[in-house]
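A.B. asks: got a sequence here, can you build the structure:
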Amino acid sequence: MSFCFNFDLPAQTPTSDVVDENERQTGKKTNDSPRTEKSPKPVAPVKEAEEHFPPSDPEFLLMDAIFETVTVETLPPLHFLNETVFERTASEREDREKILSRRAEQRSDLISGVYEGGLRVWECTYDLLELIRRDGETFGGKAVLDLGCGAGLLGILALKRGARQVHFQDYNSTVIEQLTVPNVMLNCQEDEEEDSEDDKKGEGESRQHSCETSGKEEDGDPPSKKRAADLSQHPLLRRCRFFSGDWSTFLPLVLTTEPEPKFDVIFTSETIYNTEHYHALHQSLHRLLAPDGLVYLATKAHYFGVGGGLHLFEAFVKQRGVFSLDRVWDGEEGLQRHVVVLRFKKDGQGLAGSVKMD
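C.D. replies: Next up is the predicted model:
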């Protein structure tokens, strides 16, 4: 299947800072290559970051919500709001950014600097879910960041499998308020006994890329609808924080927390399509990853019409010299997709920790 973001942006090549992160720490310049360029300018006006808090009365977010369920073998089922609901109810929803109407008018999944694709669940998210299933990660007691979260399925999975803390971040406030937060609430709404039964039923089932619509009857009845309960004090929800905004403003905002957060696992899926964002992404990963933490990045080999992709990001990471990068999964069907793991280099030798490889 071919893939193309529908907006006009000329292909770019990665740029460098005068001083990279290593130089800031050591005060020494590297000899890799001369660095004469200034920090890359943002491709669009910077969107200021803000923190979002779940409403004390969430009923209006989930009342009669049509949802879908992702089932990946032994993983717990993950529920999320159906994308078509946003198209049909755009005029009824709070949308300070006007992305719902603009997205419909322009028939685009990406409007540079306005809407960054967060309302869709992209293909590479399913690749990461499958990798987590294969490697048996449970996230027990770990701090997790879902960077560029969109629907938040990766962070929700970590939450349901024992993470002590999950931060969700997306570029658009509308995505966080109208999709991510409701999705977390939707999954919190499942009681523990039901989750346990669903886990057992999921054993041995094949992976379902198509995301079966939960609750749909064989006789053609419409999808099930969820009615919200009072979730404001739910213990899982209290482990979450939600942020929107550009990465360059998200980072200083989240670093105001005392002590500074460090994440054992950072997920980021389909976020390296634009090379102009590499600097802010790399800086966020550098500051927020725990010393022995892992970044799981899922991506396509190349994003047509935008210019970014894995090869350019690999070159950017190598030039910085902060992280090692390992490919842990490669998909050969259609447009090539990959999952890679980043971790801090230690004394210039080897890797920190281990990752199961095919």
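A.B. asks: from here on, just use CA atoms for contacts and neighbour counts.
C.D. replies: Will do.
A.B. asks: how many residues are close by the nearest residue to residue 100 once chain neighbours are set aside?
C.D. replies: Excluding the flanking residues, the one nearest residue 100 by C-alpha to C-alpha, 6 or more residues apart in numbering is residue 90, at 5.7 Å. Residue 90 sits with 16 neighbouring residues when counted by other C-alpha atoms under 10 Å.
A.B. asks: so residue 90 is in contact with residue 101, correct?
C.D. replies: Yes - here residue 90 reaches residue 101: they are 6.5 Å apart, a contact under C-alpha atoms under 8 Å.
A.B. asks: and residue 313, how far from residue 165?
C.D. replies: Distance check for residue 313 against residue 165: by C-alpha to C-alpha, to the nearest Å, it reads 28 Å.
A.B. asks: all helices for the stretch 251-358 of the chain, in order.
C.D. replies: All helices of the stretch 251-358 of the chain, identified by DSSP state H, counting those that start in this stretch, fall at 278-288, 310-320.
A.B. asks: most tightly surrounded among those helices?
C.D. replies: The highest mean neighbour count among the helices of the stretch 251-358 of the chain, using mean count of other C-alpha atoms under 10 Å, belongs to helix 278-288: a mean of 19.
A.B. asks: helices and strands around that one, which ones?
C.D. replies: Judged by 3 or more C-alpha pairs under 8 Å, 6 or more residues apart in numbering; DSSP states H and E, the packing partners of helix 278-288 are helix 247-254, helix 310-320.
A.B. asks: show the average pLDDT along stretch 258-277.
C.D. replies: Regarding stretch 258-277, the rounded mean pLDDT is 96.
A.B. asks: just to revisit the earlier point, show me the one of the helices and strands packed on helix 278-288 that comes nearest residue 94.
C.D. replies: Proximity to residue 94 (C-alpha to C-alpha) singles out helix 247-254 among these, at 22.1 Å.
A.B. asks: buried ones in the closest one?
C.D. replies: Going by neighbour count (16 or more other C-alpha atoms under 10 Å), the buried part of helix 247-254 is 247-251, 253-254.
A.B. asks: nearest to residue 116, of those residues?
C.D. replies: Lowest distance from residue 116 to the buried residues of helix 247-254 (C-alpha to C-alpha) belongs to residue 247, with 12.3 Å.
A.B. asks: in the stretch 101-250 of the chain, what residue spans correspond to strands?
C.D. replies: Secondary structure of the stretch 101-250 of the chain (DSSP state E, counting those that start in this stretch): strands at 143-147, 165-170, 225-226, 240-244.
A.B. asks: name every strand pairing with the biggest strand by length in the chain and say which way it goes.
C.D. replies: Using DSSP state E, we find that the single longest strand of the chain is strand 289-300. Within its sheet, and counting by DSSP bridges, strand 289-300 is paired with strand 263-269 (parallel), strand 337-344 (antiparallel).
A.B. asks: circling back: of all the helices and strands packed on helix 278-288, which one is nearest residue 144?
C.D. replies: Using C-alpha to C-alpha, the nearest of the helices and strands packed on helix 278-288 to residue 144 is helix 247-254, at 13.4 Å.
A.B. asks: surely residue 326 touches residue 338?
C.D. replies: No - with contact defined as C-alpha under 8 Å, residue 326 and residue 338 do not form a contacting pair (10.4 Å).
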